[in-house]
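Trainee: predicted model follows, preceded by the sequence.
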Amino acid sequence: MDIARTREASLSRLLMAYVSSGLVFMLLPGTFLGVWNLLQISGSQSAASVSPAWLQAHGHAQVFGWIGSFILGIGFYSIPKLRGATKPAFGAAWACWAMWTIGVAVRWAANVYGWQWRLLLPVSGVLELAAFLIFFRAVSQHRPEDSGKNRLDPWIWVVVSASTGLMLVLIANVAACVYLALRGISPALPHVLDQRYLAMVTWGFLVPFVWGFSARWMPVFLGLKPIRAKLLLSALVVNFAAVGLTLAGWGGEATVLFVVGTAMAIAALRMFEAAQQEPKTRGVHSSFPFFVRMAYGWLLVAALLGVGAALWDSSGGIWGASRHALTVGFIAVMVLCVGQRILPAFAGMRLLWSTRLMFAGLALLTTGCTLRVSSEVLAYQGYANWAWSVLPISAVLELAGITAFAANILGTFILEPSHVHKQPLVVGIGQPSGENHAV
Ligand code: HEM
């Protein structure tokens, strides 16, 4: 039992390292730079006023530095094999953390400062890919027998496809970095290449990850009816077909398929159907189910704005609004919801520091996102000049919401006591937090 507790404590330390570095990336290189960029853009009333290398530095820090670190940390924590493992497996997980963190930090610095970028871009890309391969190896050693079943649950297929999407994105990233090092005139990807790469990042990796984890956790957390597994897998096929079409240069047509895939996924997850059980909101704010559903509403908005962008965008504003409806409205809101639901338990069976701060963060982020998405279309497209003055407000609200989330998680890690030595040890991905936790 003591060995199990010591392992649990080591796993929690590992998870907290991934989550803490993810929060640092989210706050400064990610959100702060994003806010700075948006203030510059609104000040000069032109999206072209900011260096593309800075915009891409922001996007990379958010997607890989924040979301990527969270995925790797939660993934390592949840692999049952690691629970029976001795030191070497932990060594690999820590090596992965160091390589990933250095890789993302180097990429950000090379993009922002432009120092030695021809060398540093490929180095960072290779470090990120190598870190991911360490993770992939650990995850792929997890066989169905480990969970006592012969068949994998549908949600696992969705997460595996998302992980494959992430691997392909990282390979494409290395190729793009090498291309830039040899042929580029700056550390920024050329516009057309960047747009296609972003479709891979958002729809080919981030969205399927959230669908997979929603399929696993939302029936429990929200008390939803069991998922329609075949429909979810079909949604995934439609979604990946749309990513393929975008890469082949049929981006406009693909936007319609993204709407279809999203609608199918929402129906498969039964997100807006009446729940069959009470939601499990002990330990989190009672608005948790509302915000999870709102995130799926944002995903639909993002997909529909994509169709609008293909038809009418003349400034990058509708594309930008669609992208942030997806990254902030869907991904960030889901991370704020699910993160505060599961991370306290995973980090040594703690309680969330403040449920009110959780609500405040989500309310600020979603208000900021609403202002951002609507005024980005109006301002960039030239439909309404006053919308330029709303954009800075939206940025500050989003920053405040994200900061509240970081404060709540760090407050949980630092100020809340760990119950790892008091509770029976039954934590894991198959055991959504709270059920095993003193909440
Ligand atoms: C406070 C919140 C945020 C602000 C103020 C912000 C601001 C910006 C701005 C000004 C751009 C340039 C394009 C445009 O004008 O739309 C941009 C691009 C982008 N943002 Fe954000 N952002 C925020 C949050 C996020 C989050 C949470 C994510 C991801 C999880 C994200 C991912 C991206 C990506 C991928 C791009 C495209 C970069 C590229 O052109 O390659 N952003 N952001």
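Mentor: Here it is on my side, so go on.

Trainee: can you check the pLDDT for residue 48?
Mentor: At residue 48, the model reports a pLDDT of 88.

Trainee: now the one 3 residues further on
Mentor: Confidence per residue is given as pLDDT, and for residue 51 that number is 95.

Trainee: please begin residue numbering at 53 from this point
Mentor: Right, with 53 as the first residue, what we last looked at is residue 103.

Trainee: gap between it and residue 75?
Mentor: Applying C-beta to C-beta, to the nearest Å, the value for residue 103 to residue 75 is 26 Å. (Each C-beta comes from the backbone N, C-alpha and C, glycine too.)

Trainee: have a look at the two and say which one is more surrounded.
Mentor: residue 75 (24 against 17; other C-beta atoms under 10 Å).

Trainee: which strand or helix spans whichever residue of the stretch 353-491 of the chain sits closest to the ligand?
Mentor: Nearest residue of the stretch 353-491 of the chain to the ligand: residue 372, at 2.7 Å (C-beta to the nearest ligand atom). Here residue 372 is covered by helix 369-376, with elements defined by DSSP states H and E.

Trainee: who in this protein is up against the ligand?
Mentor: 83, 86-87, 89-90, 93, 99, 107-108, 110-111, 114-115, 119, 246, 250, 372, 375-376, 379-380, 383-384, 447, 450-451, 454 (C-beta under 6 Å from any ligand atom).

Trainee: so who does the residue nearest the centre of the chain touch?
Mentor: In the chain, the residue lying closest to the centroid (C-alpha atoms, centre = their mean) is residue 119, at 3.7 Å. Residue 119 sits next to 74, 258, 383, 387 when contact means C-beta atoms under 8 Å, 6 or more residues apart in numbering.

Trainee: quick check: the gap between residue 326 and the ligand.
Mentor: Separation of residue 326 from the ligand (C-beta to the nearest ligand atom, to the nearest Å): 31 Å.

Trainee: what's near enough to touch that residue?
Mentor: Residues near residue 326 by C-beta under 8 Å, 6+ apart: none.

Trainee: how about a cut-off of 10 Å?
Mentor: Taking C-beta atoms under 10 Å, 6 or more residues apart in numbering, we find residue 326 in contact with 275-277.

Trainee: please apply the same query to residue 184.
Mentor: 116, 120, 123-124, 148, 151-152, 155, 215, 218-219, 221-223.

Trainee: then residue 74?
Mentor: Taking C-beta under 10 Å, 6+ apart, one finds 82, 116-126, 152-153, 156, 387, 391, 458, 461 in contact with residue 74.

Trainee: how about a cut-off of 6 Å?
Mentor: Listed by C-beta atoms under 6 Å, 6 or more residues apart in numbering, the contact set of residue 74 reads 118, 121-122.

Trainee: relative to residue 56, which of those residues is nearest.
Mentor: Of all the contacts of residue 74, residue 56 sits closest to residue 122, with 24.9 Å by C-beta to C-beta.

Trainee: ok, the closest one to residue 356 distance?
Mentor: Taking C-beta to C-beta, one finds residue 122 at 27 Å from residue 356.

Trainee: more neighbours: which of these two?
Mentor: residue 122 (23 against 16).

Trainee: quick check: which ranges of the protein have low pLDDT?
Mentor: Low-confidence segments of the chain (pLDDT under 70): 53, 132-140, 194-202, 473-491.

Trainee: try it again with 90
Mentor: Filtered on pLDDT under 90, the chain yields the residue ranges 53-63, 99-101, 129-142, 189-208, 400-401, 470-491.

Trainee: what segments of the stretch 53-202 of the chain are helices?
Mentor: Secondary structure of the stretch 53-202 of the chain (DSSP state H, counting those that start in this stretch): helices at 54-77, 85-96, 104-112, 121-130, 132-135, 139-165, 169-192.

Trainee: just to revisit the earlier point, isn't the residue of the stretch 353-491 of the chain closest to the ligand right next to residue 428, touching?
Mentor: Yes: contact criterion C-beta atoms under 6 Å: residue 372 and residue 428 qualify, at 5.3 Å.

Trainee: the two: which is more packed in?
Mentor: Using other C-beta under 10 Å as the criterion, residue 372 and residue 428 rank with residue 428 on top: 31 against 22.

Trainee: would you agree the more buried one falls within a helix?
Mentor: Yes: judged by DSSP: H, G, I helix; E, B strand; the rest coil, residue 428 forms part of a helix.

Trainee: grab the nearest non-local neighbour of it.
Mentor: Nearest non-adjacent residue to residue 428, counting by C-beta to C-beta, 6 or more residues apart in numbering: residue 373, 4.3 Å away.

Trainee: that neighbour and residue 358 touch, don't they?
Mentor: No: using C-beta under 6 Å, residue 373 makes no contact with residue 358, being 9.7 Å away.

Trainee: these two: which has the busier surroundings?
Mentor: With neighbours defined as other C-beta under 10 Å, residue 373 and residue 358 compare such that residue 358 has more, 32 against 28.

Trainee: residues contacting the host helix or strand of that one, please?
Mentor: Counting by DSSP H and E, the element that carries residue 358 is helix 340-364. Here helix 340-364 makes contact (C-beta under 6 Å, 6+ apart) with 274, 304, 307, 310-311, 314, 318, 323, 331, 333, 370-371, 373-374, 377-378, 381-382, 385-386, 389, 414.

Trainee: quick one: distance of it to the chain centre.
Mentor: Relative to the centre of its chain, helix 340-364 is centred 16 Å away, using C-alpha atoms, centre = their mean, to the nearest Å.

Trainee: find the closest residue to the ligand in the stretch 103-252 of the chain.
Mentor: Counting by C-beta to the nearest ligand atom, the stretch 103-252 of the chain gets nearest to the ligand through residue 111 (3.0 Å).

Trainee: tell me which stretches of the stretch 353-491 of the chain form helices.
Mentor: With DSSP H, counting those that start in this stretch as the criterion, the stretch 353-491 of the chain has helices at 369-376, 385-398, 407-432, 439-467.

Trainee: re the thing from before, next one: the helix holding residue 372 to chain centre, how far?
Mentor: So, by C-alpha atoms, centre = their mean, the centroid of helix 369-376 is 17 Å from its chain's centroid.
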